[in-house]
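Novice: Predicted model and sequence follow; I will ask about them next.
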Amino acid sequence: MTSFPLRPQRLGVNIDHVATVRNARGGSDPDPVRAALLAQAAGADGITAHLREDRRHIRDRDLSRLRAELSIPLNMEMAATEEMVAIATSLRPHACCLVPERREEVTTEGGLDVAAQETVLSSRVARLRDAGIRVSLFIDPDAEQIAAATRIGAAVVELHTGAYAEAGDEEGQFRELARLARGATLAASMGLEVHAGHGLTYDNVTPVAARPEIVELNIGHFLIGQAIFDGLPAVIRHMKGLMAHARVRPQENADPQSDDDEE
Ligand SMILES: CC(=O)[C@@H](O)[C@H](O)COP(=O)(O)O
Ligand SMILES: NCC(=O)COP(=O)(O)O
């Protein structure tokens, strides 16, 4: 692994769960667009918002306001459906991240099975790309999925960090970190830009932030929850500080067990 300071890593702030709280009462507060503008002012490098098919948090109007009001990149997460492709190609956000979706799920469980649906996904990726949108695929860090992502013309993969974040013990965390490290190295070697996210917190971000190939982290649920106690600007600044520190001496900050040189 690299031992010199790495280039800074971008933080994409996911504001979905501001909308979850708003929707609990059906009114207009708290406003996710106001949160996004606050995040932008506090140093967020991008804003991520997931327009779910069931509109349980972010709604169509939130996205059009985000598109109009933000000056940092907007990353629209969405299922790879006809409806969502039509919305995205009309909205033209900076990026679209295609994610798997099941109505019954509480949150996004696992990555998109790109290998199993290459034909349909490649035509949807092409339509988004033709509209000038940078396309990312939210996948598990598996060689088969990474190879399929390159075949269908994605520019970016976002590696799902949920299994790492939820690993119950140190051994499981080491194993999942090693898997992420292998996936990140492979994806970068195939020319993909590598992002990561899901379930990241102050406590588990450092080894992921220290991976040289990972240039962007998307973090939401933890930041929005922690903002209740500390305020959103302070929370964003603290997370960015942890990410920056992880990249100063990546060898010390990455978990030694995750070092792909040792595998
Ligand atoms: C794809 C993904 O990881 C995000 O969309 C994020 O977790 C917030 O949305 P949900 O909690 O609704 O999955
Ligand atoms: N793609 C991951 C994301 O946007 C944020 O996930 P989480 O931090 O809300 O779990």
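Specialist: That came in fine, so what should we check first? Ligands and ions are numbered 1, 2, ... in the order given.
Novice: so what's A244 up against?
Specialist: Taking Cβ atoms under 8 Å, 6 or more residues apart in numbering as the criterion, A244 is in contact with 8-9. Every residue, glycine included, has its C-beta placed from N, CA and C.
Novice: That one in helix, strand or coil?
Specialist: Here A244 is recorded as helix under DSSP: H, G, I helix; E, B strand; the rest coil.
Novice: for the least confident helix or strand in the chain by mean pLDDT, packing partners?
Specialist: Every helix and strand in the chain was compared by mean pLDDT, DSSP states H and E; the lowest is helix 250-253, with a mean of 73. Helix 250-253 sits against helix 205-209, helix 232-248, with contacts defined as 3 or more Cβ pairs under 8 Å, 6 or more residues apart in numbering; DSSP states H and E.
Novice: I'd like the average pLDDT over the longest one.
Specialist: When pLDDT is averaged along helix 232-248, the result is 96.
Novice: could you check whether that helix is close to ligand 2?
Specialist: No. Using Cβ under 6 Å from any ligand atom, helix 232-248 stays clear of ligand 2, coming no nearer than 10.5 Å.
Novice: List the buried residues for whichever strand or helix holds A188?
Specialist: Per DSSP states H and E, A188 falls inside helix 170-189. Buried positions in helix 170-189, judged by neighbour count with 16 or more other Cβ atoms under 10 Å: 173-188.
Novice: Please identify the deepest-packed of the helices and strands packed on helix 250-253.
Specialist: Ranked by mean neighbour count, the helices and strands packed on helix 250-253 are led by helix 205-209 with a mean of 23 (mean count of other Cβ atoms under 10 Å).
Novice: returning to that earlier point: spell out whether the helix holding A188 and ligand 2 are in contact.
Specialist: No. With Cβ under 6 Å from any ligand atom as the criterion, ligand 2 is not reached by helix 170-189; the gap is at least 13.7 Å.
Novice: what sits up against stretch 126-140?
Specialist: Under the criterion Cβ under 8 Å, 6+ apart, residues 75, 77, 85, 88-89, 92-100, 108, 110-112, 114, 121, 125, 145-146, 149, 153-160, 163, 183, 193, 195 lie in contact with stretch 126-140.
Novice: Is that stretch positioned near ligand 1?
Specialist: Yes. Against ligand 1, stretch 126-140 shows contacts by Cβ under 6 Å from any ligand atom at F138.
Novice: so where do the helices sit in the stretch 51-200 of the chain?
Specialist: 60-69, 82-91, 118-130, 143-151, 162-166, 170-189 (DSSP state H, counting those that start in this stretch).
Novice: Just give the nearest non-adjacent residue to the residue of the stretch 51-200 of the chain found nearest ligand 2, would you?
Specialist: As assessed by Cβ to the nearest ligand atom, ligand 2 sits closest to G197 within the stretch 51-200 of the chain, at 3.3 Å. Leaving aside its sequence neighbours, G197 sits nearest to N218 (Cβ to Cβ, 6 or more residues apart in numbering; 3.5 Å).
Novice: circling back: now the contacts of stretch 126-140: which count as buried?
Specialist: By 16+ other Cβ under 10 Å, the contacts of stretch 126-140 give 75, 77, 85, 88-89, 93-100, 108, 110-112, 114, 121, 125, 145-146, 149, 154-160, 163, 183, 193, 195 as buried.
Novice: who touches the residue nearest to G197 in this structure?
Specialist: Per Cβ under 8 Å, 6+ apart, neighbours of N218: 12-14, 46, 48, 75, 97, 158, 195-198.
Novice: Closest to L37 out of those?
Specialist: V13 (11.0 Å; Cβ to Cβ).
Novice: you'd agree the closest one is up against T48?
Specialist: Yes. With contact defined as Cβ atoms under 8 Å, V13 and T48 form a contacting pair (6.8 Å).
Novice: Spell out which residues are contacts of both of these two.
Specialist: 218, 220.
Novice: Dump the helices and strands packed on helix 250-253 to a markdown table, plus distance to G225.
Specialist: Output for these, formatted as a markdown table (distance: least, Cβ to Cβ, whole Å):
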| stretch | distance to G225 |
| --- | --- |
| helix 205-209 | 14 |
| helix 232-248 | 9 |
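Novice: All good on my end, thank you.
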